[in-house]
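**Student:** Fold the following for me, if possible:
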Amino acid sequence: MADTQKSRDHFLFIARLAEQSKRFDDMAEAMNSVVKLGVELTAEERNLLSVGYKNVLGAKRASRRILSVIKSKEEASGNMEHAASANESLKRVEDELTAKCNEILLTIDDYLLPLSKTGEAAVFYHKMKGDYYRYLAEFKSDADRQEATSQSLKAYEAATAIAESDLPPTNPIRLGLALNFSVFHYEIMANTERACNMAKQAFDDAAAELDSLDQNSYQDSTLILRLIGDNLTLWTPDPEEDEAGEQNKAVDGVSGENVKDLEIKAGDE
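**Tutor:** Numbering: from 1, shown residues only. Predicted coordinates:
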């Protein structure tokens with residue numbers, strides 16, 4: 001037990017050091033080492049794990065989007081040699097994304113969910129599963145995309161069932177789940193109506209209870225509510241624009257690095 005705690009403390013120090021120096025691959029690796037000690041993670045440790053992987057994957061997702069645009073532009077201009085080089089880089093990044101997503105998904109299934117003892121932890125991990133399968137669905141095709149989409153939906157639904165039973169509407173993890181699940185419906189399922197209904201329900205349920213929260217919880221919840229509100233604004237057609245014949249356009253990358261899609265940090269966001 002003493003050796004386990006010593007190792008845990010060591011890896012946590014490495015993870016915090018890596019976060020401060022923005023070495024997120026090292027951060028994710030250190031937190032994976034903590035997980036494989038076979039211990040239930042604290043809220044802070046869940047947060048460190050999530051932040052590490054989010055930043056690693058966020059950078060790769062951004063690279064994939066840029067390379068995809070470059071490839072398309074080179075193809076459109078007829079420069080097939082440059083297009084082939086861009087495509088080679090794109091495939092390499094997609095392979096890295098697949099490997100990293102599969103790594104954390106196995107960790108969640110093999111270690112994190114079996115050891116979770118609270119509803120909050122279970123929601124956190126099922127939400128993570130939904131997020132990482134969603135990242136795969138963003139670029140996979142055919143049967144692989146169908147499988148990633150199906151697994152993402154199942155994970156989000158499992159998280160929602162527990163959240164509605166165990167967590168109040170103002171809980172930041174529950175709100176973060178609603179935020180990301182609605183993005184799934186908007187971006188992956190192309191179901192704007194479902195995305196808006198889900199986001200609005202979460203927003204209204206939480207807003208009705210904000211007055212009962214303490215200051216720390218209030219700040220956490222209102223931050224996520226603002227993000228949900230931003231998405232609703234993007235996704236809801238403007239009647240004046242419709243009358244003028246203008247098309248309402250959603251911002252590209254709503255679930256990406258421009259903070260519309262947060263990995264909610266338990267107890268710290």
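**Student:** low-scoring pLDDT stretches of the protein, where are they?
**Tutor:** Applying pLDDT under 70 to the chain picks out residues 1, 238-269.
**Student:** the domain parsing of it - what is it?
**Tutor:** If you go by automatic domain parsing, the domain ranges for the chain are 1-115, 136-269.
**Student:** export those to TSV and tack on distance to F124 and mean neighbour count?
**Tutor:** Any C-beta I mention is one placed from the backbone N, CA and C, and that applies to glycine too. Below are the domains of the chain laid out as TSV (distance: least, CB to CB, whole Å; neighbours: other CB atoms under 10 Å):
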stretch	distance to F124	mean neighbour count
domain 1-115	6	16
domain 136-269	6	17
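**Student:** K117 and V183, how far apart?
**Tutor:** 29 Å (CB to CB, to the nearest Å).
**Student:** one step back: do you know which of the domains of the chain lies nearest M128?
**Tutor:** Closest to M128 of these, according to CB to CB: domain 1-115, at 5.9 Å.
**Student:** Could you point out which of the domains of the chain sits nearest K127?
**Tutor:** So among the domains of the chain, domain 136-269 is nearest, using CB to CB, at 4.6 Å.
**Student:** Locate the spatially most central residue of the chain within the secondary structure: which element?
**Tutor:** Centroid-nearest residue in the chain, with CA atoms, centre = their mean: D131, separated by 4.2 Å. Using DSSP states H and E, D131 falls within helix 119-137.
**Student:** That helix: what's the following helix or strand?
**Tutor:** helix 142-166.
**Student:** where does the residue lying farthest from the centre of the chain fall, phi/psi-wise?
**Tutor:** No residue in the chain sits farther from the centre than G78, which is 36.3 Å out by CA atoms, centre = their mean. Backbone torsions for G78, taken as degrees, to the nearest 10, come to phi 80, psi 10.
**Student:** Surely A202 and L175 touch.
**Tutor:** Yes - using CB atoms under 8 Å, A202 is in contact with L175, at 6.2 Å.
**Student:** okay, and the common contacts of those two?
**Tutor:** Residues touching both A202 and L175 (CB atoms under 8 Å, 6 or more residues apart in numbering): 169, 228.
**Student:** ok, the residue nearest to the centre of the chain touching L179?
**Tutor:** No - using CB under 8 Å, D131 is not in contact with L179; the gap is 10.6 Å.
**Student:** Show me the longest helix that occurs in the chain.
**Tutor:** Criterion DSSP state H: the longest helix present in the chain is helix 43-76.
**Student:** still on that earlier bit, what's the separation between the residue nearest to the centre of the chain and F124?
**Tutor:** Counting by CB to CB - D131 and F124 are separated by 11 Å.
**Student:** Could you identify the helix or strand that succeeds the strand or helix carrying L175?
**Tutor:** Taking DSSP H and E as the definition, L175 sits inside helix 172-183. Next helix or strand after helix 172-183 toward the C-terminus (DSSP H and E): helix 192-207.
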